[in-house]
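> can't give you the sequence, but here's the structure:
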């Protein structure tokens, strides 16, 4: 059972959210202040957090920082304002998503599910064909030796790790890599980056085992991850 940490000071909203989440099979712990939230983080482990931005003794941004430092779990902000500045601040501080009050219950459940699936995939990391990726520290190793990737190469690798069972089209890669490292990415440069990444992580780049080409479609992650 996944454990949700709810940080919300509005009693009515908290009560309704806890009823909704428990009806969906989640275990829920609730804090109504920043101080209470920090104390509970030190005592219990959670799978994700729903955090209100406005709290009586502080704000959700500070709580998000504590969560990411202490447990590094997904955080979805609950905001009444929905103003762009608050949203951008929250995302820049490491929040995984936000939802504006009043929100639709099914939409919230869908967003929670998406955040949990992403976290499960990322937390698993990757260890195959002598290649290991620690997605928390960002360290990539090949046969025990650290491999240094550019920001765009690392993001490219994460796309495959986070989609282990999917064929990823070139168009999707271009969409996800667009300006990721302040560099222009088109079809030709994508081919170059795939080649560079393979040279760093494959035993034999001419016969790749990690990033496989699906002719006429795109690429997929090699091994059992892609076929399970």
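Alright, I've got the coordinates. Worth saying up front: this structure is predicted, and the values here are computed from it rather than measured. Residues are numbered from 1 along each chain as shown.

> burial of residue 106, as a residue count?
By the criterion of other Cβ atoms under 10 Å, residue 106 has 9 neighbours. Heads up, the C-betas are built off the backbone N, CA and C, glycines and all.

> Same question for residue 78.
Count around residue 78 with other Cβ under 10 Å applied: 22.

> quick one, phi/psi of it?
Per-residue torsions, residue 78: phi -100, psi 120 (degrees, to the nearest 10).

> contacting residues around the nearest residue to it once chain neighbours are set aside?
Spatial nearest neighbour of residue 78, chain neighbours left out: residue 52 (4.7 Å); criterion: Cβ to Cβ, 6 or more residues apart in numbering. If you count contacts by Cβ atoms under 8 Å, 6 or more residues apart in numbering, residue 52 has them with 7, 8, 9, 10, 60, 77, 78, 79.

> In PyMOL, how would I select the buried members of the residues you listed?
Restricted to buried positions by 16 or more other Cβ atoms under 10 Å, the PyMOL selection for the contacts of residue 52 reads:
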select buried, resi 7+8+9+60+77+78+79
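
> and of the contacts of residue 52, the nearest to residue 203?
residue 77 (43.1 Å; Cβ to Cβ).

> In contact with residue 142, which residues are there?
Counted by Cβ under 8 Å, 6+ apart, residue 142 has contacts 130, 131, 200, 201.

> just the contacts of residue 52 now: which is nearest residue 209?
Among the contacts of residue 52, and counting by Cβ to Cβ, the member closest to residue 209 is residue 77, at 40.2 Å.

> what's the following helix or strand after the longest helix along the chain?
Looking across the chain with DSSP state H, the single longest helix is helix 105-124. Downstream of helix 105-124, the next assigned helix or strand under DSSP states H and E is strand 126-128.

> Tell me the strands beside that next one, with direction?
strand 131-134 (antiparallel) (DSSP bridges).

> quick one, domains of this structure?
Under automatic domain parsing, the residue ranges defining each domain of the chain are 3-123, 150-227.
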